[in-house]
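In: Following is a predicted model, sequence given first.
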Amino acid sequence: KAGVTQTPRYLIKTRGQQVTLSCSPISGHRSVSWYQQTPGQGLQFLFEYFSETQRNKGNFPGRFSGRQFSNSRSEMNVSTLELGDSALYLCASSVAANEQYFGPGTRLTVT
Amino acid sequence: GESVGLHLPTLSVQEGDNSIINCAYSNSASDYFIWYKQESGKGPQFIIDIRSNMDKRQGQRVTVLLNKTVKHLSLQIAATQPGDSAVYFCAETEGDKLIFGSGTRLLVRP
């Protein structure tokens, strides 16, 4: 069974731009969670989607948004990028929301 | 590879020795805990989990201990190998969310 895939793996954007990251969960997994990982803040929960509905949300500004499609694939979007948004963005999928399997992440650099 | 955390606590062990990584959690209502391993350039990898109705669970070369009285979790790795070098995170559940600890870097000396 294929693991969680994330695209792109690396991305460089400029302040003020917007970015969309994609995540394909493990087949059969309906829950997709997104996390931001930085050296200073560690792993922080962004949001979780289940059956196309946002079920949980972390403490991030409204510039961070996401969605889930009927095939469980998910995208997250960050608008008006700031330097502090530079991070590794991780997606995890699970059957429920407990045992989560992570993808390799997308490394976003904002210049 | 990427730096997961510049100021992580570090545990250095000799190859073949046992490793114990500790974690304090904050929510006494958490009922599910997971240990993850993250190698450089990769996403976190599930190692072992434990529910709050248990105090010990064993896997292959790994054991997780849960002490709910003091809200403490530990991961024991037997006969530590070079491939065990990574950053280890504990995570607790808050509803359907996972809340991660700050991580511990494990270095295995040959």
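Out: Now that the structure is in, tell me what you want to look at.

In: who's the closest residue to B:Y32 other than its chain neighbours bridged to?
Out: Leaving aside its sequence neighbours, B:Y32 sits nearest to B:T93 (CB to CB, 6 or more residues apart in numbering or on different chains; 4.4 Å). No exception for glycine: its C-beta is placed from N, CA and C like everyone else's. According to DSSP bridges, the partner residues bridging B:T93 are B:L98.

In: how close does the closest residue to B:G95 other than its chain neighbours sit to B:T93?
Out: Leaving aside its sequence neighbours, B:G95 sits nearest to A:N56 (CB to CB, 6+ apart; 6.5 Å). As judged by CB to CB, to the nearest Å, A:N56 and B:T93 stand 11 Å apart.

In: same deal with A:F69?
Out: 26 Å.

In: Would you mind telling me which of those two has the busier surroundings?
Out: Taking neighbours as other CB atoms under 10 Å in any protein chain shown, A:F69 and B:T93 compare with B:T93 leading, 21 against 12.

In: what's the pLDDT at the more buried one?
Out: You'll see B:T93 listed with a pLDDT of 83.

In: and A:A92, helix, strand or coil?
Out: The local conformation at A:A92, judged by DSSP: H, G, I helix; E, B strand; the rest coil, is strand.

In: surely it meets A:Y35?
Out: Yes - with contact defined as CB atoms under 8 Å, A:A92 reaches A:Y35; the gap is 6.9 Å.

In: Run through the residues of chain A sitting next to chain B.
Out: Residues of chain A lying close to chain B (CB under 8 Å from any CB of the partner chain) are A:4, A:31, A:33, A:35, A:37, A:39-40, A:42-45, A:48, A:50, A:55-56, A:58, A:88, A:90, A:92, A:96-105, A:107.

In: A:V19: how many residues sit nearby?
Out: A:V19: 18 neighbours (other CB under 10 Å).

In: Quick check: beta-bridge partners of it?
Out: A:V78.

In: How confident was the prediction at it?
Out: What the model reports as pLDDT for A:V19 is 98.

In: who are the neighbours in contact with it?
Out: Contacts for A:V19 (CB atoms under 8 Å, 6 or more residues apart in numbering or on different chains) come out as A:L11, A:K13, A:N77, A:V78, A:L81, A:L108.

In: Just the buried ones among these, please.
Out: Among the contacts of A:V19, those classed as buried by 16 or more other CB atoms under 10 Å in any protein chain shown are A:K13, A:V78, A:L81, A:L108.

In: Which strand or helix spans the spatially most central residue of chain A?
Out: Centre of chain A computed as the mean C-alpha position; nearest residue by CA atoms, centre = their mean is A:W34, 3.6 Å away. In the assignment (DSSP states H and E), A:W34 maps to strand A:31-38.

In: and that strand, what other elements does it pack with?
Out: If you count contacts as 3 or more CB pairs under 8 Å, 6 or more residues apart in numbering or on different chains; DSSP states H and E, strand A:31-38 packs onto strand A:42-50, strand A:74-78, strand A:87-94, strand B:97-100.

In: Pick the most deeply packed of these.
Out: Greatest average neighbour count among these goes to strand A:87-94 (a mean of 25), per mean count of other CB atoms under 10 Å in any protein chain shown.

In: how much distance is there from the helix or strand that comes right after that strand to the middle of the chain?
Out: On the C-terminal side of strand A:87-94, the closest following helix or strand by DSSP H and E is strand A:101-102. Its chain's average C-alpha position is 11 Å from that of strand A:101-102, according to CA atoms, centre = their mean, to the nearest Å.

In: Kind regards, and thank you for your time.
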